[in-house]
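Visitor: Provide a 3D model corresponding to the input given below.
(chains A, B, C and D)
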Number of protein chains: 2
Amino acid sequence: MVTIVDIAKKAGVSKSTVSRVLSGKGSCKQVTKDKVLVTAKELNYRPNRLAQAMITKKTGIIGLIIYRKHMPVIAHPFYGPILDVIATETKKADYSLLMMADNEVGFCPSDCFFQYRVDGLILLSRVPAELVGEIQQAGRPFVLINNTAIIEDANYIVNDDYLGAYDATMYLLNKGYRKIAYISGPLEHRSYRLRWQGFQDALTYKGHEIQPHHHYIGDLGLETGMAGVYHFLQKDSRPDAIFASNDMMAIGALKILHSLQINVPEDLAVMGFDDIEFAKWMTPALTTVRVDKKAMGRVAVKKLLDILNGKTVKNDRVVLAPKIIFRQST
Amino acid sequence: MVTIVDIAKKAGVSKSTVSRVLSGKGSCKQVTKDKVLVTAKELNYRPNRLAQAMITKKTGIIGLIIYRKHMPVIAHPFYGPILDVIATETKKADYSLLMMADNEVGFCPSDCFFQYRVDGLILLSRVPAELVGEIQQAGRPFVLINNTAIIEDANYIVNDDYLGAYDATMYLLNKGYRKIAYISGPLEHRSYRLRWQGFQDALTYKGHEIQPHHHYIGDLGLETGMAGVYHFLQKDSRPDAIFASNDMMAIGALKILHSLQINVPEDLAVMGFDDIEFAKWMTPALTTVRVDKKAMGRVAVKKLLDILNGKTVKNDRVVLAPKIIFRQST
DNA sequence: TTGAAAGCGCTACCAT
DNA sequence: ATGGTAGCGCTTTCAA
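Guide: You can find the predicted model right below:
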C-alpha cells in the first residue's frame, strides 16, 4: 500500500509537507501543492484512516447496536426502515457505520465498538441498562432509539405510543365500534405498556368498559394476532373491532379472519400500529397508527452528529407524534 | 483510555510482556500471566484494534457494498434477509461489518473501505465493473452476491434464475394454464434476462407461443405489476395466468386484480418470483419461486472467511437451486 | 521468561 | 513555506 512517504519521495518533499497538503491544513506554495496532489493521484494513494485515527482520535465510524432478539435483525419490518435512514444520513456526513447485533453473552457489543474506537453510538430498541452505563462511563456520545428502558441523562427518540393508541381508540369509538378487543405485546416493553394504557384510558374517558375476554397478550409476532382472534371468537360476545398493538399482529388477525370468512371491516374492523410497509398492501389495506420511522432515524443521526461536531447538545428526549392512517380495514 | 503501558506500570512488568500475555503468543510464567490479566481487568482495559491492525494488517472488518438504487437499501425485501445472515455469520466469526451503500458519484465506496483497510468485501447486486476491477487490483478478497454483471476471476453466488423461471412455467403449463402473460424487470439485469429466457424456453418446449400483448417490461416495483395487469386487460384475449418476474410485481398485480374483482386463482392465476417474506401473507398467499436468500448470505460469508483464513479457494461460482413454493394464487 | 527498541502510517509541534 | 522529530498504542524481532 502506498504511504505518504512514497509520495514524499517521488515528489521530492518531506512527508510532513505531504500530510499538510493532503489534510489541507497549514499553508504551502501552490507548486508544491500541485506536485503532491498529482503524485498522490498517480500513485493511487489512499490514506490509512486507522493511522489517522490513532492520532486524531476520530475514526469516522459510528456504531450501531440492534437488539438481537428482533429476528430478523436487519430486515425487521419496523427497524429496517430506521436502519435505512441511519445508513443514508450517516454516509451523507461522511461517517461509516459499524453494525452489530446485541449479543446476549456478556457485553461484547460495547467491547467491540470500543475496540474500534467508534466516535459515537446509536442504540435501537432494547438495550441493557448496564450497557448504557458502560457507554456513558466511557464518555462516548450515544443516542437511543425507541428504547425500552427509561434511561436518564441520555438522548433518546421515541414515538408517543400512548397518544397513538389513545387517538386510534377514539377514532374507533367515534366510528361507532363499541366492543373493541385489544391484542397486546409483552407489557415489559415500554411501547406496549403505553399503547395498552392509551387504549384503556380512551375507553374509560368515553365511558366504556373493556369486556372481560376482550384482551389478549402475546409476543410480537403474526401468531399472536392469530391466537388473539381465536381467543376472542371462542366467547359469546364477539367484538366488533380488534385493535392490534402492532401491524404484524393485525396482519395475522386479517389472515385468520379471511380464512374464517369474516368480512373486514363489515363484520369486524381491524386496526394496527406501526404502519410497516406491508400494511398498505394487505387486503383489505390496514388502517393503522403510523410511527414516523424515518424521523426516528433522522433525528437520531442529527443529534449524534451535533454532539460529534461539538455543538452543545443537552440530553433530551424527542417524542414523535404518531398519526392515524385511514385505510380499508376499519 | 487504558493502554498496555498502564497495565505494565501497575503490574510491574514491561509492555512487551503485557502484549504477549494478552495476545496469548509466546510463553511466560503463570504468575506474571495472572498478574497481567488481573490488572487488565481491574483497569477495564480494551485493546485498541486500530493500533493492532496497523501492525498485524488485519482489521477484523468486512466491508459490505449495496447497490444504492435499491430503495430501501437495507430494509429491502430481497436483500434485507441476505444482509441479515451476513451480519449473523460474520459476527460468529468475530468480524465486524462496515456498511456502505454504493454511491453513484465516483468510486467512493471502495475508497472508503480501503481507507479502513477492511480485510474483505461482500458486494451485493449491481456493482460497477470498474469497482470490482479496483478491488481485484488492490488484491482484497471479495465475494459477489447476485451480481448483475458477469465478472471473471471472482467468487460469486447467484440464483439459478433461468431454471426457476423454466420450472415455474412448466408447472403453470402442466396445471392447464395456456395463456400465460409475463411481467419482466429490466432486461439489463442478469436475473431478469435469465428469467425471461427461462419462461420463453419452457413455452417453446411445450409447443406454445407467447401472445403478442402478453408481456410487459417495467422496473422492479409494485407499480410495474399493476401496470402489467392493465396492459394485459386492455386487449381482447385475456391471459389465464400471470407470471411476474418478482414478488413485488406479483403483489401489485394481486392488489389490482382484487380491486377489479377478478378472482385469483379462479379467473386468473398469479405466480411470483423470489419468495419475499410477505408473499405468504398475501390474500391469496402467493405461489412463487423461492430464491434461497439465507444460503446466498451464508455461502458468501463462508467463502470470504475461507479466503481470509488462508484456505486455498479457487474462484468459482455457486449457483443456487430455486424451488417452487406452492400456495394459493395458482 | 522477560525487556528494550524498532516501527506500522500518520499528524502535530517546533524549528528553520 | 517546509522539514525534522516525537509519538498515537500496539506487535514483533532481538538480546539478555
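
Visitor: nearest residue to A:Val270 other than its sequence neighbours?
Guide: Closest residue to A:Val270 apart from its sequence neighbours, by CB to CB, 6 or more residues apart in numbering or on different chains: A:Ser329 at 4.5 Å. Every C-beta, even on glycine, is put in place using the N, C-alpha and C of the backbone.

Visitor: burial count for that neighbour?
Guide: Residues contacting A:Ser329 under the criterion other CB atoms under 10 Å in any protein chain shown number 25.

Visitor: One more: A:Tyr192?
Guide: Residues near A:Tyr192, counting by other CB under 10 Å: 21.

Visitor: Look up how far B:Tyr216 lies from it.
Guide: 44 Å (CB to CB, to the nearest Å).

Visitor: Show me which residues of the stretch 1-150 of chain A are close to DNA strand C?
Guide: Within reach of DNA strand C by CB under 7 Å from any atom of the strand, the stretch 1-150 of chain A has these residues: A:1, A:3-5, A:15-16, A:19, A:22-23, A:25, A:45, A:47-48, A:51-52, A:54-56.

Visitor: Mind checking which of the residues you listed are in helices?
Guide: Among these, the members found in helices (DSSP state H) are A:4-5, A:15-16, A:19, A:22-23, A:51-52, A:54-56.

Visitor: Helix, strand or coil: sort out the residue of the stretch 201-330 of chain A found nearest DNA strand C for me.
Guide: Going by CB to the nearest atom of the strand, DNA strand C is nearest to A:Gly310 of the stretch 201-330 of chain A, at 14.5 Å. Classification of A:Gly310 using DSSP: H, G, I helix; E, B strand; the rest coil returns coil.

Visitor: what's around it, how many residues?
Guide: 7.

Visitor: need the helices for chain A, in chain order.
Guide: A:4-11, A:15-23, A:30-42, A:49-56, A:79-92, A:108-115, A:129-138, A:161-174, A:190-205, A:222-234, A:247-259, A:293-308.

Visitor: Let me know the angle separating the fifth one from helix B:79-92.
Guide: In terms of direction (axes from the mean of the first three to the mean of the last three CA atoms, to 10 degrees), helix A:79-92 departs from helix B:79-92 by 80 degrees.

Visitor: Repeat that for the third one.
Guide: With the same axes, to 10 degrees applied, the angle from helix A:30-42 to helix B:79-92 works out at 90 degrees.

Visitor: same question, the second one
Guide: Going by the same axes, to 10 degrees, helix A:15-23 is angled at 150 degrees with respect to helix B:79-92.

Visitor: Likewise for the fourth one?
Guide: With the same axes, to 10 degrees as the criterion, the two stretches helix A:49-56 and helix B:79-92 enclose an angle of 70 degrees.

Visitor: Buried residues, helix A:49-56. List them.
Guide: Buried residues in helix A:49-56, counted by 16 or more other CB atoms under 10 Å in any protein chain shown: A:49-54.

Visitor: tell me which of the residues you listed is nearest to DNA strand D?
Guide: Closest to DNA strand D, out of all of those and judged by CB to the nearest atom of the strand, is A:Met54, at 3.6 Å.

Visitor: Can you tell me how far the closest residue to the closest one other than its chain neighbours is from A:Asp94?
Guide: The shortest distance from A:Met54 to any non-neighbouring residue, by CB to CB, 6+ apart, is to B:Leu50 (5.7 Å). From B:Leu50 across to A:Asp94, the span is 18 Å (CB to CB).

Visitor: Next: A:Ala202.
Guide: For A:Ala202 relative to A:Asp94 (CB to CB), the value is 46 Å.

Visitor: Those two: which has the busier surroundings?
Guide: Taking neighbours as other CB under 10 Å, A:Ala202 and A:Asp94 compare with A:Ala202 leading, 22 against 9.

Visitor: that older thread, and the residue nearest to A:Val270, what does it touch?
Guide: A:250, A:254, A:264-265, A:269-272, A:282, A:284-287 (CB atoms under 8 Å, 6 or more residues apart in numbering or on different chains).

Visitor: ok, and the most crowded of these?
Guide: Top of the contacts of A:Ser329 by neighbour count (other CB under 10 Å): A:Gly272, with 32 neighbours.

Visitor: measure it to A:Glu130 for me?
Guide: 34 Å.

Visitor: Next: A:Glu152.
Guide: 14 Å.

Visitor: So between those two, which is more surrounded?
Guide: Counted by other CB under 10 Å, A:Glu152 and A:Glu130 do not tie: A:Glu130 has more neighbours, with 10 against 7.

Visitor: per-residue pLDDT, the more buried one?
Guide: For A:Glu130, the model assigns a pLDDT of 82.
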